[in-house]
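Peer 1: Predicted model, plus sequence, below.
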Amino acid sequence: MDKVALTAAGLYAIVLLRAGGTFAVGWLAGAGARRGRLAERISTPKFRRAERAIQRWGAPVVAASFLTIGFQTAANFLAGSMHMPLSRYLPALFVGGAGWALAYATVGIGALELLARLFAEQTVIGVGAVTVLLLAMSGVMVYRRRRAASTSSNPAADELG
């Protein structure tokens, strides 16, 4: 079997379990998610944006969420907590999950092959590329944490975002 197809199949199984599990947790949490300790986690701007989109557009939002970073978990959890019918959720999960698996399999394998070739032919440039990538990812994480901390300490800014 082709390595892209095998990787995509593995990723598809993973995304079905992960997203389906997130939906199930949301379903079980239901209205209780809106109270208690979990309420603070799901009252962030990202979760509120996802909830508004799901209320307006429904299953297509869930399917499209798989092509985003950071919105996917919120969309699946909220679809569950809003008790989206399985007859609408499952097709969105299958279609969106397939798109996610194919995108990550093709891009992921391509990136790994590029890095392997780079390390084999020009090790110094390969190490430099990985170092720059790690530094960029670290910078993004620090920026997002600082931004989240400043937003949570300023409720007025939360309403604007």
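Peer 2: On my side now, so go ahead. Numbering: from 1, shown residues only.

Peer 1: What are the boundaries of the helices in this protein?
Peer 2: Counting by DSSP state H, the chain has helices at residues 3-29, 37-41, 45-57, 59-65, 72-81, 86-121, 123-153, 155-160.

Peer 1: Can you lay out those as JSON lines showing mean pLDDT and mean neighbour count?
Peer 2: Bear in mind the C-beta positions are built from the backbone N, C-alpha and C, glycine included. Listed next are the helices of the chain as JSON lines, based on pLDDT from 0 to 100; neighbours: other Cβ atoms under 10 Å:
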{"stretch": "helix 3-29", "mean pLDDT": "92", "mean neighbour count": "16"}
{"stretch": "helix 37-41", "mean pLDDT": "67", "mean neighbour count": "10"}
{"stretch": "helix 45-57", "mean pLDDT": "77", "mean neighbour count": "16"}
{"stretch": "helix 59-65", "mean pLDDT": "88", "mean neighbour count": "21"}
{"stretch": "helix 72-81", "mean pLDDT": "88", "mean neighbour count": "25"}
{"stretch": "helix 86-121", "mean pLDDT": "90", "mean neighbour count": "15"}
{"stretch": "helix 123-153", "mean pLDDT": "87", "mean neighbour count": "11"}
{"stretch": "helix 155-160", "mean pLDDT": "49", "mean neighbour count": "10"}
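
Peer 1: Tell me who's in contact with residue 74.
Peer 2: 42, 46-47, 49-50, 65 (Cβ atoms under 8 Å, 6 or more residues apart in numbering).

Peer 1: From those, pick the one nearest residue 95.
Peer 2: Nearest to residue 95 out of the contacts of residue 74 is residue 65 (Cβ to Cβ; 11.3 Å).

Peer 1: I figured that closest one hits residue 59, correct?
Peer 2: No. At 10.4 Å, residue 65 does not count as touching residue 59 under the criterion of Cβ atoms under 8 Å.

Peer 1: quick one: residue 144 from residue 137, how far?
Peer 2: Residue 144 sits 11 Å away from residue 137, going by Cβ to Cβ, to the nearest Å.

Peer 1: With residue 7 instead?
Peer 2: If you go by Cβ to Cβ, the gap between residue 7 and residue 137 works out to 22 Å.

Peer 1: Let me know the outermost residue of this protein.
Peer 2: residue 121 (34.1 Å; Cα atoms, centre = their mean).

Peer 1: And it, how far from residue 107?
Peer 2: In terms of Cβ to Cβ, residue 121 sits 21 Å off from residue 107.
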